[in-house]
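[1] sequence and predicted structure are below.
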Amino acid sequence: MLKLDTLNPEQFAAVTLPAQSALILAGAGSGKTRVLTTRIAWLIQTNQVSPAGIMAVTFTNKAAKEMLTRLSSMLPINTRGMWIGTFHGLCNRLLRTHYRDAALPQTFQILDSQDQLSLIKRMLKAHNVDDEKYPAKALMYFINNAKDQGLRASQVEAYDPIERRMVELYELYDQQCQREGVVDFAELLLRSYELLSRNTPLRHHYQMRFRHILVDEFQDTNDLQYNLLKLLAGQGESGGGAIFAVGDDDQSIYAFRGANVGNMSAFERDYQVKNLIKLEQNYRSHGHILDSANFLIANNAKRLGKNLRTDAGQGEQVRVYEASSDLEEAQWIIEESKSLMNEGMGRNEIAILYRSNAQSRVIEHALFAAGIPYTVYGGLRYFQRAEVKHAIAYLQLMDNPHNDSAFMRVVNFPTRGIGARSIEQLQMAADSYGISLYAAVPYMTGKAGTVLGNFVKLIEGARFETQQLPLPELVRVVLERSTLLTHYGNEKEGADRIENLEQMVSAATQFVQEEGFGTQAPAHLGPPAQAQAGESVVFQDGIEILDGGAPLPTVMSPLSAFLSHASLEAGDAQAQAGQEALQLMTVHSAKGLEFDAVFITGLEEGLFPHESSAREADGVDEERRLMYVAITRARRRLYMSFTQQRMLHGQTRFNMKSRFFDELPDESIKWLSPRVQGNWFGGRKSTTAWDDAKFREGGSDNKIAQQITQKAGNGTGWRVGESVVHAKFGEGVIVNIEGGAGAARAQINFGSAGVKVLDLSIAKLERVGR
DNA sequence: GAATGTGGAATTTTT
DNA sequence: TTCCACATTC
C-alpha cells in the first residue's frame, strides 16, 4: 500500500503534483529516488495513468533496476514491460520495435566503445588515412561528440581542412556501421530521435501514449537526450505528456562527457515550469558535514540555488589532516580506519575517495601490507573481459554475420591458420564490393578461400545446430564449437577465463528468466504473433507493427536480446566477493552512494581541483561540484587529507593544499595536524602515534627517510615542500632549493601566480603556520 | 603466431 | 612510475 504520510511536505508536494511539467531540485540524500518511485505509484494508483502510459528514464541500469524493485514493492503490478530504463535501453527497445522505420536490420547489434574504436581503426586503415594526423581516438571523440549534439556528418560545420576531413570520415563511419548492421551508443539515441522526428504518426502515437515522462539525474542529460525528451513530450505540438524532471545542478559532474547542466534552466524556460520544488531536507549527513557542503558549493556562480538542512544535529567536525607524503597519507588512513573498525564500524561503511584512479595504488599497497581487506571499484566488467567478448563475438556472428568487429575478433581466435595475408585480401574484397567481411568470403580463392570458407562453415554450422535450442544451451554449444574452452584449457593461466566462460551459460539462464523468455524455447523463431498491450499502429509504409509497449520477448529473439543486454549492461565490476572490505573508488563513482565514514584524499591544487580543469570553461566549478558530491557521501564522519609531496608520473610533486579548504566553514573543521614548522624532522608535531621517527627506522620505509633527507634545504632554514607566504605572490610551496646556505635560491610554486625563483636571503618569506 | 621490446601518455565514466 | 598500444623479433 502506498504510504504518503511519511513524506515530508516538499516530497509530498512533488509526488502529488498535477499532470504538468515540473522540475524537482533534489539535493543529495533528500530522498530523490523515493519521490520518483512514489510519484509513479501515486499516478497509477489514483488512476491518472496506466502503467503503459509511464516512461521513466535513468542513466544507469542500476538506477533503473532500483526503481523497478521499489515500484513493485509499492504496487501490486507487473512492472515487466513498463518503459522504465536507461536512455539507451529504451531507445534500443524503440528501435527494435520499429526497426524497419528506423532503417535498421532486425538483428542490428550494439557496439560498445571498444568495438567502436576498432571499427574506426579498421576504417582508417582501409582508406589509407594518416593515423598520425587523424588518430582513431580523436575521430571517435569527434563522432560521438557530434552525435551527442544530434548532428549527422552533413550537419557538422567544419572550419578547417582537418575538420572537413573528420566530417568525411564521420560520414564514412556511418556508412560502414549501416553496412554492418551495427549502431554505437550515441547512435541508439540519434536514430531514435530521427525516427520520431521524421515519422509523424509514430511520434504522435508515443506522445499520446506516454502521459508522464519521469527523468532521473536530469542534470546529466546531454543535448540529444534533451531533444529526444522534447519530441516524446510533444513540446510544441498538442497532446504531449508531462515531464517530471528530477536533478541536482550541484551534482553535475559529467560535463566532460557531454552532459549539459544548462538543460535544467532550459527545461524551466521551454516548459514554462510553474512547479519548481526543492528537496532540501537531508536524511543522510550530520550538520557539520552539510555545512561544509553548503559553504563550499556557495562559491559556484551559476546555481539554481539550494541549501541542505538536517534534523540530525551537528555531529562531529570534519577532520583534516596534512601528511608529509602520499605514503604517510596512506598510513594515516589505515590508522584511522583501524580505530573506526575497533569502534565497531563495518569495513564496508568506510569509503576512501580520490580524484583519479592513479591515486589508489599507494593506498592499496598500504592496505595490503596492513592486511586490511579492501575492494576497488571500477574495474573491468564481466562482458568486457577478453574471453567473454570473444564468446560474444561468435554469438554476434550467428545473429548478424555482417558485424565486422565480431568477425575480426574471432576469425582467427583460437588460431586456425588464418593469417594477416588472408585477412588483408578479404578486407580489400569487402571494400571493393562495399560489403561485409563475412559476405566477401565467397569471393576469396586459393588457400585464403579455403580457410575462410571453413570459418564461415563453422558459424553456419553452429547456427544450424542451435536453431531449436533455448538460449543457455545455445551458449553452451557455441562455447564448445568455437573451441574457446579447449583453447583456454591449454593455457596455464586459463582457469579463470574458463570459469568466466562457463558463467556465461548461467548469465544466459538468468537473463532468459528475468526477461521472460523462459516460456518460449526456440531462439530463432522470432516474435510471437501478439503484443501484450492492446494498441497497434499503422505506419507510413503501410506496415502494421506491434505496439511498443510489448516487452522485449515480443519484439526480438532471445539471442538478439541477450546480445543487446551484453552491450548495454556490461555486468557488474568484478569480484563483489569480500563484501566486508574498505571501499576504494573515485569521487565520480561514489556518486549516489553513502557511507558512515568517508576519506577524501589528495586534496591538493593540481589534483583536486585537477590541473586540467583550469583549462576548461567552468572547469573549477565542476571540480567544486565534484568535491560537493564527495562531501555529501558521508553520514557521520568525514576526513579530508592532503600531502606536501606526492609521487606522480614518476616525479615528486609539491602541491599546495586545495583551495577548497579555504571555502569550508572554520567551525566545522578540526585540524588533526598542525602545519609543520622549522626543519623537516625538527619542529614536526604529529598528533598520531606513528611519526616520522618511525619512518627513519629500518624496513621498507627507509627510502622515504632518505628521500626526505635529500629534500631538506641544506641548512638554509627552509626545506622543499614547505608552504610559504610571499607578500606579493601569496601562498606557495617550495619546489626546489639550489645553492648552499647564504646564497640559496628557492623555486616556489605560487599556484595561480606561477612558479618563481626567489633568493632566500632577499625575498621576505613567511612560513605558513596554523 | 607468440614473445619481447619501445615509445608515449597518464582526469573523471556510462551506455 | 606504470600501463598500454604497437612494432619487431624469433
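    Received it, and whenever you're ready, just let me know what you need. Everything numeric here is computed off the predicted structure, so don't read it as measured data. Numbers count the residues shown, from 1 in each chain, chains lettered A, B, ... in the order given.

[2] stretch A:104-117: which residues count as buried?
    Buried positions in stretch A:104-117, judged by neighbour count with 16 or more other C-beta atoms under 10 Å: A:L104, A:Q106, A:T107, A:F108, A:Q109, A:I110, A:L111, A:D112, A:D115, A:Q116, A:L117. Glycine gets a C-beta too; all of them are placed from N, C-alpha and C.

[3] just those now: which is nearest DNA strand B?
    When the buried residues of stretch A:104-117 are ranked by distance to DNA strand B (C-beta to the nearest atom of the strand), A:D112 comes first, at 6.0 Å.

[4] tell me the contacts of that closest one?
    A:F185, A:Q384, A:S567, A:A570 (C-beta atoms under 8 Å, 6 or more residues apart in numbering).

[5] neighbours around the second one, how many?
    Translated: A:Q384. 17 (other C-beta atoms under 10 Å).

[6] my read: it touches A:E569, true?
    No. Using C-beta atoms under 8 Å, A:Q384 is not in contact with A:E569, being 11.3 Å away.

[7] that older thread, nearest to A:T643 among the buried residues of stretch A:104-117?
    A:L117 (35.9 Å; C-beta to C-beta).

[8] now do the contacts for the closest one.
    Contact partners of A:L117, counting by C-beta under 8 Å, 6+ apart, are A:A136, A:K137, A:M140.

[9] wait, is the second one part of a helix?
    Yes. The assignment for A:K137 by DSSP: H, G, I helix; E, B strand; the rest coil puts it in a helix.

[10] excluding its backbone neighbours, what's nearest it?
    Nearest non-adjacent residue to A:K137, counting by C-beta to C-beta, 6 or more residues apart in numbering: A:L117, 6.9 Å away.

[11] model confidence at the one you found, what's the number?
    Per-residue confidence for A:L117 comes out at a pLDDT of 94.

[12] can you give me the strands for the stretch 101-250 of chain A?
    A:109-110, A:182-183, A:212-215, A:242-247 (DSSP state E, counting those that start in this stretch).

[13] and the first one, which strands flank it?
    With DSSP bridges as the criterion, the sheet partners recorded for strand A:109-110 are strand A:182-183 (parallel).

[14] go on, the last one?
    Paired neighbours of strand A:242-247 in the sheet (DSSP bridges): strand A:22-26 (parallel), strand A:212-215 (parallel).

[15] now, of these, which is deepest in the fold?
    When those are scored by mean count of other C-beta atoms under 10 Å, the highest mean neighbour count falls to strand A:22-26 (a mean of 27).

[16] just the C-alpha atoms of that strand, please, in PDB.
    Extracted in PDB, the C-alpha atoms of strand A:22-26 (Å, rounded to 0.1, in the frame of the first residue of the first chain):
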ATOM      1  CA  ALA A  22       7.700  20.000 -13.100                       C
ATOM      2  CA  LEU A  23      11.300  20.400 -12.000                       C
ATOM      3  CA  ILE A  24      12.400  18.900  -8.700                       C
ATOM      4  CA  LEU A  25      15.600  20.100  -7.400                       C
ATOM      5  CA  ALA A  26      16.700  17.200  -5.300                       C
END
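
[17] how far is it from where the chain is centred?
    With C-alpha atoms, centre = their mean, to the nearest Å as the basis, strand A:22-26 stands 23 Å off its chain's centre.

[18] coming back round to it: ok, the buried residues of stretch A:104-117 vs A:A158, which is closest?
    Using C-beta to C-beta, A:Q116 is the member of the buried residues of stretch A:104-117 that sits closest to A:A158, with 21.4 Å.

[19] of all of chain A, which residue lies closest to DNA strand B?
    Counting by C-beta to the nearest atom of the strand, chain A gets nearest DNA strand B through A:H88, at 2.9 Å.

[20] secondary structure element for that residue?
    Secondary structure from DSSP states H and E places A:H88 in helix A:87-97.

[21] could you list every helix and strand in contact with that helix?
    Under the contact definition 3 or more C-beta pairs under 8 Å, 6 or more residues apart in numbering; DSSP states H and E, helix A:87-97 sits against strand A:54-58, strand A:83-86, helix A:185-198, helix A:223-232, helix A:558-568.

[22] rewinding a little: list the contacts for the residue nearest to the residue of chain A closest to DNA strand B when sequence neighbours are not counted?
    Spatial nearest neighbour of A:H88, chain neighbours left out: A:L188 (5.2 Å); criterion: C-beta to C-beta, 6+ apart. Residues in contact with A:L188 (C-beta under 8 Å, 6+ apart) are A:H88, A:C91, A:N92, A:L95, A:I110.

[23] also A:A406?
    A:Q109, A:D115, A:I392, A:A393, A:Y394, A:Q396, A:L397.

[24] please apply the same query to A:M585.
    Here A:M585 is in contact with A:A351, A:I352, A:L353, A:Y354, A:V376, A:Y377, A:G378 (criterion: C-beta under 8 Å, 6+ apart).

[25] pretty sure it is in a helix, no?
    No. According to three-state DSSP, A:M585 belongs to no helix; its state is strand.

[26] what does the model give it for pLDDT?
    96.

[27] what of the one 4 residues further on?
    Confidence at A:S589, expressed as pLDDT, is 95.

[28] stretch A:487-507 close to DNA strand B?
    No. For stretch A:487-507, no contact with DNA strand B is found by C-beta under 7 Å from any atom of the strand; the gap never falls below 8.6 Å.

[29] what does stretch A:341-358 give?
    Yes. Residues of stretch A:341-358 contacting DNA strand B under C-beta under 7 Å from any atom of the strand: A:R355, A:S356, A:N357, A:A358.

[30] beta partners of the nearest residue to the last one once chain neighbours are set aside?
    Think A:A358. Closest residue in space to A:A358, ignoring its immediate chain neighbours: A:L648 at 7.3 Å, by C-beta to C-beta, 6+ apart. Beta bridges link A:L648 to A:Q651 when assigned by DSSP bridges.

[31] from what I can see A:L648 touches A:S356, true?
    No. If you go by C-beta under 8 Å, A:L648 and A:S356 don't touch, sitting 9.4 Å apart.

[32] make CSV from the helices and strands packed on helix A:87-97 and add mean pLDDT to it.
    Below are the helices and strands packed on helix A:87-97 laid out as CSV (pLDDT from 0 to 100):
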stretch, mean pLDDT
strand A:54-58, 97
strand A:83-86, 96
helix A:185-198, 97
helix A:223-232, 96
helix A:558-568, 95
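
[33] buried deepest among the ones you listed, which one?
    Highest mean neighbour count of these: strand A:54-58, a mean of 25 (counted as mean count of other C-beta under 10 Å).

[34] give the pairing partners of that one; include direction for each.
    With DSSP bridges as the test, strand A:54-58 pairs up with strand A:83-86 (parallel), strand A:212-215 (parallel).

[35] what about dumping the CA coordinates of the first one to CSV?
    Taking Å, rounded to 0.1, in the frame of the first residue of the first chain, the C-alpha atoms of strand A:83-86 are listed here in CSV:
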residue,chain,number,x,y,z
TRP,A,83,9.0,1.7,-20.1
ILE,A,84,11.4,2.1,-17.2
GLY,A,85,15.1,2.0,-18.1
THR,A,86,18.1,3.8,-19.3
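
[36] might you calculate how far it sits from the centre of the chain?
    That offset, for strand A:83-86, works out to 18 Å (C-alpha atoms, centre = their mean).

[37] A:S567 against A:I110, yeah?
    Yes. Using C-beta under 8 Å, A:S567 is in contact with A:I110, at 3.8 Å.
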